[in-house]
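K.L.:
Here is a sequence together with a model predicted from it:
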Amino acid sequence: MNAPVPAGVPILRLGNVLVTGLLDELDDKTARAFTDELTERIATEGPAGVLIDISRLEIIDSFVARTLSELTTTARLLGARVVVAGMRPPVAITLVELGLALEGVETALTAERGMQALGWYHGSQPPERGTR
Amino acid sequence: MVSVSEAAVRDHLTSVLADRDEEIADRWVQLQIEQGAVGSSISETELRGEADALIAALRAGLESDLPVARVVTSHEDLRAAVTDFSLQRARLGTAPTVTSLAVLSLKEALLESVQRRVADTDELLAVALTVNRLLDAAGALSFDIYVTGREEIISRQSRQLMELSTPVVQLWRHVLAVPLIGTLDTTRTQVVMENLLQAIQTHEAQVAIIDITGVAAVDTSVAQHLMQTVNAVRLMGADCVISGIRPAIAQTIAQLGIDLSTILTRTTLADALAAAVRITDAPGVSGDQAAAR
């Protein structure tokens, strides 16, 4: 079984950034497959950054939290920055209460902000600094 | 043990309460003032009003056909009168024992009047016993109601405090601030965190300033709660600045060995705002680089 199992989560390439998102009902197998596929893509395509949008996730358990942490470390080893974007307030509270602060994982409020943080701007002009 | 019938005793009592109500009320008010039970919070006229109401209710209770043991708790008017009396005292902040004692001192006033009217020793004893049973029950009830009334006041106040104490304000574009006042316990932290994270989402805030100028003391648990909030804010993708750390608090934190080194801290809210504006000017993601600035 060398071929990666289709994860059901699209991974898009926008410039030098890989964009993907997690959907609810993420079971262990899907998460595993997703990590494998993403790692593979990072290794072959060598993007500068990876954006993972989690605004659809209503629950993050310790497994998903660990997956995100590991993914960040893996990507860093392969030379890409990972930004996790769009965490919902209740999810943040739950994670903190579980003591899973996702150390070392970069976060952004929205996917747009995350892209900005990865140096990817909308349109041809760079963003006006601090005026938005 | 006592040969006098209950009906006769109740008869004696009701007639005493009917004929000599003025005298009893006067004496009771006088006794309460002597005991110093009321302080300056209630005027004599108010006391007198209370006394009249309670004595009338007591008579109504005795005239009903309820057994003596249950008359205080079951007779509606009497129960209501005792309830009013106790709640009034609870609101004025009188001590609970003093309130109960005030009810019990009615015993003395009542017995003095009974003594003048009933000559026979056996009868007097029977009446005294009944009076005791009645007013002991009233005293216990008043204590109970007093405590319930106080608890209501306390829970209402803590609710109000909770509502008052957690405003999230926008200080600048993409900069929010939460001034914390009072003590930080788990419940408060929870409310602050929920409000703050929600506001971060709605305002698309980049920086949240937690101002602890109004926090009385910082111990390990408060620090723990602060860290939790900061971590939750970071997970949302915003940065957190803690401001208003007074010298004494800084010393405490250092002495307790609490590690706040990962959090950006500033002395005043103004400094924190300046830092926040600098962060929002430089587009970046939350976390280590921002905190290192």
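P.N.:
Received it, and whenever you're ready, just let me know what you need. Remember, predicted model here, so these are calculated numbers, not experimental data. Numbers count the residues shown, from 1 in each chain, chains lettered A, B, ... in the order given.
K.L.:
Report how many residues lie close to residue 67.
P.N.:
Looking at chain A here, since you left the chain open. A count of neighbours around A:Thr67, defined by other C-beta atoms under 10 Å in any protein chain shown, yields 19. The way it works is simple: take the backbone N, C-alpha and C, and place the C-beta from them, glycine included.
K.L.:
Sorry, I should have been clearer: chain B.
P.N.:
When neighbours are counted by other C-beta under 10 Å, B:Pro67 comes out with 9.
K.L.:
distance of it from B:Leu104?
P.N.:
21 Å (C-beta to C-beta, to the nearest Å).
K.L.:
the strands in chain B, which residues?
P.N.:
All strands of chain B, identified by DSSP state E, fall at B:169-172, B:175-182, B:207-215, B:239-243, B:264-266.
K.L.:
Would you convert the ones you listed into CSV that also reports mean neighbour count and mean pLDDT?
P.N.:
CSV is the format used below for the strands of chain B (neighbours: other C-beta atoms under 10 Å in any protein chain shown; pLDDT from 0 to 100):
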stretch, mean neighbour count, mean pLDDT
strand B:169-172, 15, 89
strand B:175-182, 20, 89
strand B:207-215, 22, 90
strand B:239-243, 25, 92
strand B:264-266, 20, 89
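K.L.:
Of the ones you listed, which is nearest A:Gly114?
P.N.:
Closest approach to A:Gly114 among the strands of chain B (C-beta to C-beta): strand B:239-243, 14.4 Å.
K.L.:
Just want the angle from that closest one to strand B:207-215.
P.N.:
Inter-element angle recorded for strand B:239-243 and strand B:207-215: 20 degrees (by axes from the mean of the first three to the mean of the last three C-alpha atoms, to 10 degrees).
K.L.:
which one is the residue in the stretch 51-200 of chain B positioned nearest to chain A nearest to, not counting chain neighbours?
P.N.:
Residue of the stretch 51-200 of chain B nearest chain A, by C-beta to the nearest C-beta: B:Leu197 (3.4 Å). Distances taken as C-beta to C-beta, 6 or more residues apart in numbering or on different chains put A:Pro89 closest to B:Leu197, at 3.4 Å, once the chain neighbours are dropped.
K.L.:
Report how many residues lie close to the one you found.
P.N.:
The number of residues packed near A:Pro89 is 20, by other C-beta under 10 Å.
K.L.:
contacting residues for it?
P.N.:
B:Glu194, B:Leu197, B:Gln198, B:Ile200, B:Gln201, B:Ala232, B:Met236 (C-beta atoms under 8 Å, 6 or more residues apart in numbering or on different chains).
K.L.:
Which among these count as buried?
P.N.:
Those of the contacts of A:Pro89 that meet the buried threshold are B:Glu194, B:Leu197, B:Ile200, B:Gln201, B:Ala232, B:Met236, by 16 or more other C-beta atoms under 10 Å in any protein chain shown.
K.L.:
would A:Thr20 count as being in a strand?
P.N.:
Yes - looking at A:Thr20 with DSSP: H, G, I helix; E, B strand; the rest coil, it is inside a strand.
K.L.:
hang on, isn't it packed against A:Ile11?
P.N.:
Yes - A:Thr20 is in contact with A:Ile11 according to C-beta atoms under 8 Å; the separation is 4.4 Å.
K.L.:
who touches both of these two?
P.N.:
Residues touching both A:Thr20 and A:Ile11 (C-beta under 8 Å, 6+ apart): A:Leu38.
K.L.:
tell me which residues of stretch A:34-48 are tucked away?
P.N.:
So, applying 16+ other C-beta under 10 Å, buried residues of stretch A:34-48: A:Phe34, A:Thr35, A:Glu37, A:Leu38, A:Thr39, A:Arg41, A:Ile42, A:Pro47.
K.L.:
Contacts made by the helix or strand in which the fourth one is found with the rest, please.
P.N.:
Element membership for A:Leu38 (DSSP states H and E) is helix A:28-45. Residues external to helix A:28-45 that are found in contact with it (C-beta under 8 Å, 6+ apart): A:4-9, A:11, A:13, A:18, A:20, A:22, A:26, A:47, A:50, A:63-64, A:67, A:70-71, A:74-75, A:78, A:80.
K.L.:
again with stretch B:138-151
P.N.:
B:72-73, B:78-79, B:82-83, B:85-87, B:89-91, B:96, B:99-101, B:103-104, B:106.
K.L.:
do the same with stretch B:51-69
P.N.:
Contact with stretch B:51-69 is made by B:6, B:10, B:13-14, B:17-18, B:21, B:24-25, B:28-29, B:71-72, B:74-75, B:77-78, B:80-82, B:84-85, B:106, B:130, B:133-134, B:137, as judged by C-beta under 8 Å, 6+ apart.
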